[in-house]
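A.B. asks: Okay, structure incoming, though there's no sequence with it:
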């Protein structure tokens, strides 16, 4: 028989057939994701004092300090396998966790309270006009510096990375807008095509004071949620968005692949500056570590000891981390569900509300406009929807875990799961053997006595090492049959063998 990896109750994880975990369980490894965050050249921008002041006004004063970050592709790929876009949370062995808005403010230093990051669509001609007006220069379509209203990051750096000493006030603004467009295009709004950024963001930097009133952190989280959701599909091979935020979140919460931290400073991403590149741990090993997480490996509230270095104006808005609201970034609309992860706020975790299914297909333009309007309304009410534990004290954690085991998938490392299946099968056989041994044969008819004796003999045979090994391969878990149908090693060279079947009892 084939393995049913779950979930037992598909009402929450209703997209399991599309999820990468379903491919993992079929032995169809996709290998490491290609990480599309391009921070390696940020240090080549030379900002004047006047430019730094404008960047601060626009809301990126802390964020610009982070600069280039090294990424651990294996860890990121393993985390993505646990992400579910139905709930916008990681499904780990001890429950759900997620990246919340307060963590964006703490880790990146971006504003999470303010106007939603929205604007008009920009066509090709309009994109050139906007560049001419706000950058003072126009990229060349002939030289492929602009395409489909997106400009190349390399053109921005080559043209604007160093502001002339004798630049006018308007030139300083143009160079600063170019830097900000490059900064967001290579980090929080990075896309899968990697080397381009949409001109649609540029009008948001026309007025630097107004730019500082946008909730850039909420928009960054919306884009990361969308990127994680897309990358969690088995059809995908790369991931974009602010992967620095994803990696730092993991280092703060999970003792998996965590390097030693640098000196504490703000924004908190600087604790892991330069950490994480070229890890010797592969994806399979990280997958196993995430399977085997125990309470000692999870830090639910990692920021409590860092309060002294957090700026007061950041602290005042951290309550929004518990806002059940809608995050918006232009056409991207994502739901923020802190009520599914209240333990990250030091609170008891109840069984969360049901999540409404999202129809991601056949969305007409007018439907999107309606959704955007509703999303902005929900965002405006963000402070009215702060989540807390239910009244009446702590809830039964056992009930939560029982519910969670039904609706989730807690094991992705396939060999470990197969071994568990075999052990469960053996336990059932032993129970059956004990039950059969308790049957009195005296009052049975000869035919019935013969059947019971046959059952006892069969169970005794299979409970020897050779017997249960043969049962496991041929009928118990279906793995042997599947291996014989797929003798070739997967394209990426990863070969998964049922090692546990060779162990002695």
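C.D. replies: Alright, I've got the coordinates. Since the model is a prediction, treat every value here as computed from it, not as a measurement.
A.B. asks: Tell me who's in contact with residue 35.
C.D. replies: 71, 73, 76, 238-239, 243 (CB atoms under 8 Å, 6 or more residues apart in numbering). Using the backbone N, CA and C atoms, a C-beta is placed for each residue, glycine as well.
A.B. asks: So the nearest residue in space to residue 15 that is not next to it in sequence, which state does it fall into?
C.D. replies: In this structure, residue 15 finds its nearest non-sequential neighbour in residue 86, 5.8 Å apart by CB to CB, 6 or more residues apart in numbering. When classified by DSSP: H, G, I helix; E, B strand; the rest coil, residue 86 comes out as coil.
A.B. asks: For residue 449, see how far away residue 86 is.
C.D. replies: Distance of residue 86 to residue 449, given as CB to CB, to the nearest Å: 54 Å.
A.B. asks: ok, now residue 297?
C.D. replies: Distance of residue 297 to residue 449, computed by CB to CB: 54 Å.
A.B. asks: thinking again about what came up before, which one of residue 86 and residue 449 is surrounded by more residues?
C.D. replies: More crowded of residue 86 and residue 449, by other CB atoms under 10 Å: residue 86, with 21 against 14.
A.B. asks: pLDDT value on residue 454, please?
C.D. replies: Here, the pLDDT recorded for residue 454 equals 82.
A.B. asks: That one: helix or strand, and which one exactly?
C.D. replies: Per DSSP states H and E: residue 454 is located in helix 446-462.
A.B. asks: which helices and strands does that helix pack with?
C.D. replies: Secondary-structure packing of helix 446-462 (3 or more CB pairs under 8 Å, 6 or more residues apart in numbering; DSSP states H and E): helix 414-437, helix 465-471.
A.B. asks: got a list of what residue 224 touches?
C.D. replies: 99, 188, 241-242, 245-246.
A.B. asks: Grab the two from those residues that are most spread out in space.
C.D. replies: Farthest pair in the contacts of residue 224 (CB to CB) is 99 and 188. Separation: 12.6 Å.
A.B. asks: Okay, strands next: where are they in this protein?
C.D. replies: 34-35, 83-84, 89-92, 95-97, 146-147, 150-152, 196-198, 238-239, 325-329, 332-336 (DSSP state E).
A.B. asks: Can you tell me the number of residues neighbouring residue 360?
C.D. replies: For residue 360, the count of nearby residues is 10 (other CB under 10 Å).
A.B. asks: my bad, should have said residue 169
C.D. replies: By other CB under 10 Å, neighbour count at residue 169 equals 8.
A.B. asks: quick one on the thing from earlier: can you tell me which of the strands of the chain is most buried?
C.D. replies: strand 325-329 (a mean of 25; mean count of other CB atoms under 10 Å).
A.B. asks: and that one with strand 332-336, angle?
C.D. replies: For strand 325-329 against strand 332-336, the angle by axes from the mean of the first three to the mean of the last three CA atoms, to 10 degrees is 150 degrees.
A.B. asks: Now tell me what touches strand 325-329 from outside.
C.D. replies: Against strand 325-329 from outside (CB under 8 Å, 6+ apart): 101, 116-118, 189, 218-223, 225, 333-336, 372, 374-376, 378-379, 381-382, 385.
A.B. asks: give me that answer again for 7 Å
C.D. replies: Residues outside strand 325-329 that contact it (CB atoms under 7 Å, 6 or more residues apart in numbering) are 116-118, 218-219, 221-223, 225, 333-336, 375-376, 378-379, 382, 385.
A.B. asks: Against residue 303, how distant is residue 347?
C.D. replies: For residue 347, the distance to residue 303 equals 15 Å [CB to CB].
A.B. asks: quick one, which of those two is more surrounded?
C.D. replies: Counting neighbours by other CB under 10 Å for residue 347 and for residue 303 shows that residue 347 has the greater number, 19 against 16.
A.B. asks: wait, that one sits on residue 386?
C.D. replies: No - checked against CB atoms under 7 Å, the pair residue 347 and residue 386 is beyond contact range at 11.5 Å.
A.B. asks: still on that earlier bit, out of the strands of the chain, which comes closest to residue 253?
C.D. replies: With respect to residue 253, and counting by CB to CB, the nearest of those is strand 95-97 at 6.5 Å.
A.B. asks: What pairs with that closest one, parallel or antiparallel?
C.D. replies: Sheet partners assigned to strand 95-97 using DSSP bridges are listed as strand 89-92 (antiparallel).
A.B. asks: so how far is the partner strand from its chain's centroid?
C.D. replies: What separates the centre of strand 89-92 from the centre of its chain is 8 Å, taken as CA atoms, centre = their mean, to the nearest Å.
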